[in-house]
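J.: Build me a structure from this.
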Amino acid sequence: MITRQLRGRVLLSEDIFLLQLLITRYIYKTGLQVDVVSNGEQAVKAALAGDYAIVIMSMNMPVMDGFTAVSILRAKAYDRPIIAMTASAKQKDKEQCLALGCNDFIAKPVQQEHLYRVLARYAYASVNEQVLVSTLYETNPDMTGLVETFLAALPDYIAQCQTALAVKNWAALGNVLHTLKGMGGSYGYKIITEVAEQAEQNLKMADYVALKSLLEKLEHLNGHAQRAYQQQLGDQV
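T.: Alright, predicted model coming up:
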């Protein structure tokens, strides 16, 4: 059940009208806005002209397919998240889409909860997630000095994750994710625990497409947390 509201605008590229209706309704339920196009050529033009948090690209469409559209967008240095959507959901298909330049993958038939989980990786859900202030400041103010210690170590943990992913050291990656899962919420950052837990689950399922996107989200969360902490220090001066 969807309980969090996302923010931003999505470009949906899908040629089948009834799927346009269904997926658009699903996306609206998250709080996101949607623009719809019907082929890859239209998707390229709209993506380059618009300000989209996410592009959802059906890979099999008339006029221009999603594979060609993604290749053109990445060749033009388009750096926003692109989510592949296809009925071919084997691991090799996911890896092909990732190698092409997609950030993530949605299988058809589209499941509402899975769609939401993918969208939530790229569109943050609330002001608290954007600012990312430790809840220890409210619940245990006498322990907030420890937050600085955690934040000082966090970038290294995330770097360890990225290194382990790059060399496919799954055991090392699992150990670091397990550590982050235990520490994040303990230091007042519940969202870090949630993302690390999702990443740990994807690692166990060998879903490396989703795993990569979650590690990228951990990097973003680290940036939000570090900036919020520095802002707090400035406010105290």
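J.: Can you give me the pLDDT of the nearest residue to residue 64 once chain neighbours are set aside?
T.: Nearest residue to residue 64, sequence neighbours excluded (C-beta to C-beta, 6 or more residues apart in numbering): residue 40, at 3.3 Å. C-beta here means a position set from N, CA and C on the backbone, and glycine is covered the same way. Residue 40 carries a pLDDT value of 96.
J.: Now do the residue nearest to residue 174 when sequence neighbours are not counted: how many residues are near it, please.
T.: Setting aside the residues directly before and after it, residue 174 is nearest to residue 203 in space (C-beta to C-beta, 6+ apart), at 5.7 Å. Residue 203 is flanked by 22 other residues according to other C-beta atoms under 10 Å.
J.: Residue 231 now?
T.: Close neighbours of residue 231, defined as other C-beta under 10 Å, add up to 12.
J.: distance of it from residue 133?
T.: Distance, residue 231 to residue 133, by C-beta to C-beta, to the nearest Å: 9 Å.
J.: Give the residue spans of this structure that score low on pLDDT.
T.: Low-confidence segments of the chain, defined by pLDDT under 70: 1-4, 89, 124-131, 233-237.
J.: Recalculate using a threshold of 80.
T.: Scanning the chain for pLDDT under 80 picks out 1-7, 88-93, 121-132, 138, 141, 144, 209-210, 231-237.
J.: could you pull out the helices for this protein?
T.: 17-29, 40-49, 66-75, 91-100, 112-120, 127-131, 136-139, 145-166, 170-186, 190-204, 208-236 (DSSP state H).
J.: for those helices, which one sits closest to residue 57?
T.: helix 66-75 (4.3 Å; C-beta to C-beta).
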